[in-house]
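Visitor: Sequence below, structure please.
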Amino acid sequence: MNHPTRHANPLIALIDGTARLQGRLKGAFADSRLSTGLGETEMTVLNAVAEAPNPPTVPQIGRALGHPRQVIQRAANALIAAGLIATRDNPDHKRASLLIPTPQGIALKNEANRRADAIAVDLLTGVDAQLVNEATRLLETVRLQLEAQLRTKKV
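Guide: Residues are numbered from 1 along each chain as shown. Okay, the predicted model is just below:
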């Protein structure tokens, strides 16, 4: 049964829709993360470090993900202790070290990606891949527009 959108404001409806989708996707892909033995935030930070074009800092990851620096720092500390990421001196900042993945971190991430890819292939048998690509493009466009707007308002 179709229900009208509960929120007249399109951004509120988008928040609701993305939260519901995120919940479904987290559940569907939980096995790929659980196989790593890492918590959700730790896996998110490992991904952020391994996929960054340049070594990020904890504050940069926190800003990019919308998480408090302290949450990201705890996850980074756990990953460092596990030998999955390492720190490097940051020439631009004395206290905010650069984070880099270790070979063990990359191997763990690659194994999680392999499992996630298998889950994704299975899920896409019932979903229009072209629609998923378009949704991804639209979400990226909305995110970039919101970020530009927020920068001008300094929110």
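Visitor: From now on I want contacts and neighbour counts done on CA atoms only, so please keep to that.
Guide: OK.
Visitor: By residue count, what's the longest strand in this protein?
Guide: strand 93-101 (DSSP state E).
Visitor: Return the list of helices and strands in contact with whichever helix or strand comes after that one.
Guide: Using DSSP states H and E, the helix or strand that follows strand 93-101 in sequence is helix 103-123. Applying 3 or more CA pairs under 8 Å, 6 or more residues apart in numbering; DSSP states H and E, we find helix 103-123 packed against helix 30-34, helix 40-51.
Visitor: picking that back up, so for the longest strand of the chain, what gets flagged as buried?
Guide: Buried residues in strand 93-101, defined by neighbour count with 16 or more other CA atoms under 10 Å: Ala96, Ser97, Leu98, Leu99, Ile100, Pro101.
Visitor: That one to helix 103-123, inter-axis angle?
Guide: 60 degrees (axes from the mean of the first three to the mean of the last three CA atoms, to 10 degrees).
Visitor: Closest to the centroid, which residue in this structure?
Guide: The geometric centre of the chain, computed from its C-alpha atoms, lies nearest to Thr44 (CA atoms, centre = their mean), at 5.2 Å.
Visitor: I'd like the distance between that residue and Gly66.
Guide: Per CA to CA, to the nearest Å, Thr44 is found 12 Å from Gly66.
Visitor: repeat for Val132
Guide: 24 Å.
Visitor: now, which of the buried residues of strand 93-101 sits nearest Leu79?
Guide: Pro101 (9.3 Å; CA to CA).
Visitor: Sheet-wise, list the partners of the longest strand of the chain with their directions.
Guide: Applying DSSP bridges, strand 93-101 is found paired with strand 85-90 (antiparallel).
Visitor: Mind listing residues that contact the partner strand?
Guide: Contacts with strand 85-90, where a contact means CA atoms under 8 Å, 6 or more residues apart in numbering, come from 46, 49, 76, 79-80, 96-102, 105.
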